[in-house]
Structures are given as structure tokens and as C-alpha cells.
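**Student:** coordinates for the following, if possible.
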Amino acid sequence: MGLHKLSVETIVTIIRFLNLQDVLNLRCVCRDMDRLVLRNMIYTGQVDRHLNDRLWSRLVFEEITHDVSSNENIARIISRLRLLSAEECDAEDCRQAISTALVLCKGREWLSQNIKDLIKWTDIWDEGAVMVLGAWLGLKDVVEKLLQSGVPGESTHEYLGSALYAAAFNDNEPLVALLIGHGVDAWKPQGAYGDALQLAAYMGSTNVARRLLTTRPSKETFADPFGYGPYGSPLGAAAAGGHEDIVRLCVEWQPVTRQLGPHLRTPLFYAARSGRVGVTKILLDGGELRPNFDDEFRDTPLHVAVKRNHHNVVSVLLSSDKIRLDHRRVRGGMKTPLEIAASKGYTNIVRMLLRRDVNVCQPTYKPPIFMRAIDSWK
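**Tutor:** Numbering: from 1, shown residues only. All right, here's what the predicted structure looks like:
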């Protein structure tokens, strides 16, 4: 009997005994299985804050769709939007926009703790909230009419954020220009990604990122080396997202100062961790001042690229004479990149490192050949 022919109760029981990756693999069986898995992941406790934004959005969408108590509010919201906009908007569009907004505004950590509870996103609903949702739906005419009627451009919703934040996600430059023209602070900290610019940088919203960067002097520097948001700066967010055009814009905008993200991580670290080859090259060519800077966990960009087996990133890093191959993390005798690669059996990376004439017999530490033998790699 095929898995897709089993009863819902049987499949839910199976899900409870599987690890998260196996549960996610079940989604590939068929479309009905995909929906069944997503609907029951929450109730079986198979959710994790490390799930990506797209998957979290699907989970929240399923939760909202099955919350029948919200149907009346959804219908009322759609009626109001249709009075303001010439474009069509249906219940599914509305729920999808709300799901995306919840993920990007409240963040995965918040969702992982609150997803099982009834989300009170419909409790706060005025003209400002209609404007914010209109922005998430890309309905510029809704935002424009409400601004003209006196609704403040800075209006925010507890769960859906602001119109500017929504416009950054959609790469809606005309809407961003409209909001800035009505006095909206383009650099106001907000949302799970820190601010509208960092969200635009991470999502690859090039037009909005370019527009927001022009709202500050291009040579402005920050006295505080520590940024905010999950990546510390627009450059860090763009590096993590792998958006080369935005990385170049950020390097030109702020050529000297580089703000650190959480755990003392640099933009080059985020690029190396995510396997962003092009971004890694741009940062090295653009004068990365701290290519060997280690984070709170004693990982450098080279260390994290080796750990994740991003051999193309490792190759780019090794092509720079700024990278110290035998850099052993100063605050403790941790493994070198060669020892890490050898212990994990990453043959291609070991070859690349050896070509740089790494000293494999450093005193007081086990040589990589012993690391390899200890971990049973043949």
C-alpha cells in the first residue's frame, strides 16, 4: 500500500515518531501529503525555529486557513480593500500576505513559541492596519488613498509591521518613494530583520535597497561597531542572502566601516557560511579588513566554510593571501581548517589546503593525518 493511501490518523501517528528531516521528506510524496504534513507538524511538535521563512509562512497559512473564527474578519477586510483598490483581492491572497507578514515581522523564534495559540492578528484592525495589509498585497492605490485621507505613513500593526517594511519585501520602489515623501523614517528599527533596508538586502529587493541607501550620506560611518538585526547591517544581510548587486551597493555606500552581527560575525562570515561564492569574492576584492576575524564560537570565515563543505567558497578564500590557513583560534586550542576537513573526510578541501603548504605537523596538536585516522576516514 502506498503511503499516500494510508488514513490521516495513521500518517499523523507516523509523523510523531519521525525526525524533522524525515517529516519534511514526506512532503514530496504528493500534494495532498504535503498539505497533510504541514497541517499536522504544529500539533505533533515537529517545528523548529531553524525552518526557513518560506516554510514557516506555509505553516502559518495553514493555521490561519483552518481558523474558522477569522473568516468573518477576513471577509470584512477584503470588502474594505475592494472599496479602495481597482485590483482584485481574494481571501487566499489576504491570508498569504498575513502569513508572510507574521513570519518577517514577528520572527521564527516568536512563531515557534506562539504558533499553537490562536494568533490575535484580527484584534487590532483600523485604517492603519488596512494600509499595512494593502502594502503587503502590493496595492499602492490603497496606501495612497489612505495617506491622502490622513492615515499616518508611520502606522504599524503589532503583527504585520509597517507599509515600508512590506514594500521592502515586495521590492516596491514606487511605494517606498510615496511613503518617504510622506515623512516615513526609512531607517526605523522594526521587524525580525532589523529594519526595512536589511529586509530588502536579505530578500534581494535591489530597487528598494538602492533607494533606501540614498536616504543617508554615502560616506556615513557608525561609531558603534555592533549593528542590529540578525546580520548586523545591510551588507551582512545581503551577504547572507547571496545578492551580489546589493553587496556591491553596500560596499560602495560604506567602504570603510563594517558593523558586526550577533556573535561578532562579519559579512564575510555570513557569505562563507551560506556558500555564497560570488559575494565572498566581492568582499575580498572590496577590501575586507578582517578576513580572519573569529566569532564568539571561535570560527573564522574559512573555518565555517570548511565545516559546511563549501569547497567553492574555500577555493575563493584560499586564493587570497589575506587568509591565514593555519590560523588557530587564539582563545583555545581549536582545530585548524585542515584538521576539520581531515576529520570530516572532505577530500577536495584537504587537497586545496595542502596545496597552500600548510604545516601539518604543528607542535602540541595532533597532525591532520592522525585526525583522519581517529575518525576512521580511509
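
**Student:** from now on I want contacts and neighbour counts done on CA atoms only, so please keep to that.
**Tutor:** Noted.

**Student:** kindly export the helix or strand hosting residue 83 (C-alpha atoms) in PDB.
**Tutor:** Per DSSP states H and E: residue 83 is located in helix 71-84. Only the C-alpha atoms of helix 71-84 are listed here, as PDB (Å, rounded to 0.1, in the frame of the first residue of the first chain):
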ATOM      1  CA  ASN A  71     -13.400  34.100   8.300                       C
ATOM      2  CA  GLU A  72     -15.700  36.900   9.200                       C
ATOM      3  CA  ASN A  73     -12.800  39.300   9.800                       C
ATOM      4  CA  ILE A  74     -11.100  38.200   6.500                       C
ATOM      5  CA  ALA A  75     -14.300  38.900   4.600                       C
ATOM      6  CA  ARG A  76     -14.600  42.400   6.200                       C
ATOM      7  CA  ILE A  77     -11.000  43.200   5.400                       C
ATOM      8  CA  ILE A  78     -11.400  42.200   1.700                       C
ATOM      9  CA  SER A  79     -14.600  44.300   1.400                       C
ATOM     10  CA  ARG A  80     -12.700  47.400   2.700                       C
ATOM     11  CA  LEU A  81      -9.700  46.700   0.300                       C
ATOM     12  CA  ARG A  82     -12.000  46.300  -2.700                       C
ATOM     13  CA  LEU A  83     -13.600  49.700  -1.900                       C
ATOM     14  CA  LEU A  84     -10.100  51.300  -2.100                       C
END
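
**Student:** touching that helix from outside, list them.
**Tutor:** Contact partners of helix 71-84, identified using CA atoms under 8 Å, 6 or more residues apart in numbering, comprise 88-91, 94-95, 122, 130, 134, 141-142, 145.

**Student:** chain center to that helix: distance?
**Tutor:** Distance of helix 71-84 from the chain centroid (CA atoms, centre = their mean, to the nearest Å) equals 31 Å.

**Student:** residues of that helix that come out buried?
**Tutor:** For helix 71-84, the neighbour count (16 or more other CA atoms under 10 Å) marks 74, 77-78, 81, 84 as buried.

**Student:** quick one on the thing from earlier: show me the contacts of helix 71-84 that map onto helices.
**Tutor:** 91, 94-95, 130, 134, 141-142, 145 (DSSP state H).

**Student:** about what we covered before: most neighbours out of the contacts of helix 71-84, which is it?
**Tutor:** Ranked by the number of neighbours (other CA atoms under 10 Å), the contacts of helix 71-84 place residue 134 first, at 26 neighbours.

**Student:** ok, that one touching residue 146?
**Tutor:** No: assessed by CA atoms under 8 Å, residue 134 is found out of contact with residue 146, at 9.9 Å.
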